[in-house]
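J.: Next one to model:
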Amino acid sequence: MRSHLQALISERHPISSPAGLRRAQDYLADQFRRVGLEVSFHQFRALGGTYKNVIAALCPQQGSGRRTGPPLIIAAHYDTVEGSPGADDNASGLAVMLEAARALSPMTLAREIRFIAFCLEEEDLLGSLAYAAALKEAGEEIAGAIVLECVGYTSEKRGSQAIPVATPIAVSDVGDFLAIVGNSASAPLVNAFKRAATREARELKTVSLVVPAKGERLPDTRRSDHAAFWHYGYPALMLTDTANFRNPHYHRPTDTFETLDLTFMQRVVRAVTAAAISL
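T.: Next up, the predicted model:
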């Protein structure tokens, strides 16, 4: 995971650092291939150009191609805002996804798992919206999407965790937990993830929140690629350290490797892997 982070942490922006964006895209595709996954690209037009979501498929029955149900998606975005190296946002999510892929790759599973690195999340979710729209147009169902969004920053200090206005549950002011955010249609997915995390990553503190409809009343719950799936009626959840509600380096030049909690990230890997196996 340390190697993934060191390879990925650098500005990855479509305008200010397109070369960095392409390097991340190529690195992700290469790492997926190294663990034996089938890599493809979903191309979409945006911002006057063509961009790619990186897709790696782990097919059931060790690659026989026989599908026994709709696929499970595990995703994270690979672009950054301008001026930030994007360690927590979102190299942390990418590294966790890659390690979950490595852990799951030798297993015989009952359904396809689709690992997706989305592009242009920071540009109003353009990559994930294009992908979810293509799913809907093709009439394809999914078992659900687990979206990793900033999963590497923690603090044990009191007062380190801010709470969004109108949050309907009690939340600690210590920023040492993983938030699991779903909507009404995703409640079974949230519960399944929570059970798996409790069983296989007991040291990982979690807080789960299920919001009504598509989260319109709590806009801060819609700020990642899971919201693209909600928009098109698919179940999806976001896993997050809560980004700017905890991390003072969010969207800044100081979002660097040194600020990350790798032990916390390892626990997230175990939880995601366990949830994927269970689902």
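
J.: rest of the way, CA atoms for contacts and neighbours
T.: Will do.

J.: Point out where the stretch 1-150 of the chain drops to low pLDDT.
T.: Along the stretch 1-150 of the chain, the parts satisfying pLDDT under 70 run over 61-67.

J.: Show me the strands in it, by range?
T.: Using DSSP state E, counting those that start in this stretch, the strands found in the stretch 1-150 of the chain span residues 38-46, 49-58, 72-77, 113-118, 144-148.

J.: buried residues in the longest one?
T.: Just to be clear, that refers to strand 49-58. Under the neighbour-count criterion of 16 or more other Cα atoms under 10 Å, strand 49-58 has 51-58 buried.

J.: Same check on the first one?
T.: Residues 38-39, 42, 44 are the ones in strand 38-46 that count as buried (16+ other Cα under 10 Å).

J.: relative to strand 49-58, how tilted is that strand?
T.: Going by axes from the mean of the first three to the mean of the last three Cα atoms, to 10 degrees, strand 38-46 is angled at 150 degrees with respect to strand 49-58.

J.: still on that earlier bit, Lys214: which of the buried residues of strand 49-58 is nearest?
T.: Distance to Lys214 across those (Cα to Cα) is lowest for Asn53, with 23.5 Å.

J.: sorry, back to before: turn the strands of the stretch 1-150 of the chain into CSV, including distance to Thr221.
T.: Below are the strands of the stretch 1-150 of the chain laid out as CSV (distance: least, Cα to Cα, whole Å):
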stretch, distance to Thr221
strand 38-46, 24
strand 49-58, 23
strand 72-77, 16
strand 113-118, 18
strand 144-148, 12
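
J.: from the buried residues of strand 38-46, which single one is nearest Ala196?
T.: Glu38 (26.4 Å).

J.: residues contacting the closest one?
T.: 32, 56-58 (Cα atoms under 8 Å, 6 or more residues apart in numbering).

J.: Now with 6 Å, please.
T.: 56-57 (Cα atoms under 6 Å, 6 or more residues apart in numbering).

J.: can you check Ser40 too?
T.: For Ser40, the contacting residues are Ile55, by Cα under 6 Å, 6+ apart.

J.: partner residues bridging it?
T.: Ile55 (DSSP bridges).

J.: ok so, going back, which one of the buried residues of strand 49-58 is nearest to Tyr250?
T.: Nearest member of the buried residues of strand 49-58 to Tyr250, counting by Cα to Cα, is Asn53, at 23.2 Å.
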